[in-house]
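**Q** I need the structure of the sequence given here:
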Amino acid sequence: VIFSFAAFRTNDVRKYDRDRLILICKTFFSFQYTDNHSRSIRFIGSNIFSINTEPNEGYANSIYAGYISVLAKELGFGFCTVLDSDLLDPALTAQALLLAEEKYLAIRGSRLYERVLSEAPEPLHTGSQSDRKVFAVIGGASGIGRECVRDLVKKDTTAAVAVIGRRSVGDAAFISSDRVRYYQADICRIREIDAVFRKIRNELGPISCIINSAGTERDELLLQRENDHLIYDEVLAPKVIGNENIIAVGSRCGAKSFILFSSIAAVFPMIGQSDYTAANMYCEAMTDYYRSRGLNVRCLPWNTWAET
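**A** Below you'll find the model as predicted:
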C-alpha cells in the first residue's frame, strides 16, 4: 500500500484544524486486510524531515509519518517505509519505495538519505564558564524535569533555575533551594510564555538555556479511541505548539540554547502510542530544521522514564 500525501506546506501547524489532522489519519487506516503481516506500507510525502546539509522548507508532515509508522504496526503490517522526496529524481524515488525493510528515508535531488542514530559529536554549550547561567526548565516540578532541576542546582553552584509549569505554586513544594523559583504558565499559550520569559529575565537575568521536559503519553489504539481533543491537548500540544512557542519567544529573549526532551518512541514506534510517537517525531524534525538554520537546539530521545 502506497500513500502519497502532502498536507502541510508550512511549518505552522497552528494554522490547521486539529480535527482535520486526526480525521485524515483515521481515514487512511479505516480499511482492514486479512493478511496484513505479509503486506507493507510506503508513505511518501514532503516536508517530513530536514537534512543537515540541505535544509528542507518544512517538517510539519513529520506528524503524519509518526502516526502512520505506529498504525502500520497496530494493523499488523509487516513494515512501514517513510519517504520524504522532492520528486526531482523519479527513478530514485521508485527505487527507494521498493526497499523491503522499515526505514526513514529522504531524497534531495539525486541523493538518498537514511535516518540513523549517532552520538552527539560535541557537548551542549550553554554559555562561557565564567557566566552565571539561568536555566528555564519547563515541566521541572515533576518527573524527569524535577531530577534535571536538582542536578542543575547540585552541579552548578552559581546557576539560577526557573521552573515553569501549568500548576499552582503550591504544587511545586519540592523546591528548597533559594536559587530556584517557580513560575506558572502554559507553554501552549504564546502570550503566557512571552510574559513569563520576560519576568524571569527581570528577576533572575538573561536566560542561558531553555529545557522543555514536559510530556505526556496516553496508550490507546487510534481507531478505537475517543476524546481526540483531550489527547491533542495532553500529548500533541506540548511537543508541537509548546516547542514552537519556546523557540520563537526564547530566541527573541536571547536564549543561547534549547534542549527539548523527546522519546525513543520517535525512533522505534510502539503500538498504542501513535500520538506520542507523532509528537516526538515532530519534535525531532523541528530540531533538525532549526539547527540547520544556526540555532543551538538539541533533542534528547529518552528511553523509559521511571516513576512517570
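**Q** Ser177: how many residues sit nearby?
**A** Look at Ser177: counted by other CB atoms under 10 Å, it has 13 neighbours. (C-beta placed from N, C-alpha, C; glycine too.)
**Q** helices and strands around the longest helix along the chain, which ones?
**A** For the chain, the helix reaching the highest residue count under DSSP state H is reported as helix 274-292. For helix 274-292, the contact count by 3 or more CB pairs under 8 Å, 6 or more residues apart in numbering; DSSP states H and E identifies helix 62-74, helix 237-239, helix 241-252, strand 257-263, strand 297-302 as packing neighbours.
**Q** Only the buried residues of the fourth one, if you could.
**A** Right, strand 257-263. Going by neighbour count (16 or more other CB atoms under 10 Å), the buried part of strand 257-263 is Ser257, Phe258, Ile259, Leu260, Phe261, Ser262, Ser263.
**Q** Format those as JSON lines; extra columns: pLDDT.
**A** Putting those into JSON lines (pLDDT from 0 to 100) gives the following:
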{"residue": "Ser257", "pLDDT": "93"}
{"residue": "Phe258", "pLDDT": "95"}
{"residue": "Ile259", "pLDDT": "94"}
{"residue": "Leu260", "pLDDT": "94"}
{"residue": "Phe261", "pLDDT": "91"}
{"residue": "Ser262", "pLDDT": "88"}
{"residue": "Ser263", "pLDDT": "85"}
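**Q** Let me know which of the helices and strands packed on helix 274-292 is the nearest to Ala195.
**A** Distances from Ala195 to each of the helices and strands packed on helix 274-292 were compared using CB to CB; the minimum, 9.5 Å, belongs to helix 241-252.
**Q** what residues does that closest one touch?
**A** Residues from elsewhere that reach helix 241-252 (CB atoms under 8 Å, 6 or more residues apart in numbering): 11-14, 136, 138, 187-190, 193-194, 197, 207, 210, 212, 214, 258, 260, 283, 286, 290, 295, 297.
**Q** What mean pLDDT does that helix get?
**A** Predicted confidence along helix 241-252 averages 92 (mean pLDDT).
**Q** before we move on, what about stretch 49-56?
**A** The model assigns stretch 49-56 a mean pLDDT of 66.
**Q** now swap in stretch 103-121 and tell me
**A** 81.
**Q** quick revisit: among the buried residues of strand 257-263, find me the one that's closest to Val240.
**A** Relative to Val240, the closest of the buried residues of strand 257-263 is Leu260; by CB to CB it sits at 11.3 Å.
**Q** follow-up on the earlier one: filter the contacts of helix 241-252 down to the buried ones.
**A** 11, 13, 136, 138, 187-188, 190, 193-194, 197, 207, 210, 212, 214, 258, 260, 283, 286, 290, 295, 297.
**Q** now, which of those lie within strands?
**A** With strands taken from DSSP state E, the overlap with the buried ones among the contacts of helix 241-252 comprises Ala136, Ile138, Ile210, Asn212, Phe258, Leu260, Val297.
**Q** which stretches of the stretch 101-250 of the chain have low pLDDT?
**A** Across the stretch 101-250 of the chain, the ranges flagged by pLDDT under 70 are 120-131, 169-176, 215-219, 222-233.
**Q** all helices of the protein, in order?
**A** 18-28, 62-74, 90-97, 143-155, 190-204, 228-231, 237-239, 241-252, 274-292.
**Q** among the ones you listed, which is nearest Tyr113?
**A** helix 90-97 (10.0 Å).
**Q** can you give me the mean pLDDT across that closest one?
**A** Throughout helix 90-97, pLDDT has a mean value of 86.
**Q** List the buried residues of that helix.
**A** By neighbour count, and taking 16+ other CB under 10 Å as the criterion, the buried residues in helix 90-97 are Leu92, Thr93, Ala96, Leu97.
**Q** Settle this for me: the third one is touching Ala106, isn't it.
**A** Just to be clear, that refers to Ala96. No. Ala96 sits out of contact with Ala106 when judged by CB atoms under 8 Å, with a separation of 9.1 Å.
**Q** Give the intersection of the neighbour lists for those two.
**A** Here Ala96 and Ala106 share the contacting residues Leu83, Ser85, Leu112, scored by CB under 8 Å, 6+ apart.
**Q** For Phe197, which non-adjacent residue is closest in space?
**A** In space, and not counting its chain neighbours, Phe197 is closest to Cys253: 4.8 Å by CB to CB, 6 or more residues apart in numbering.
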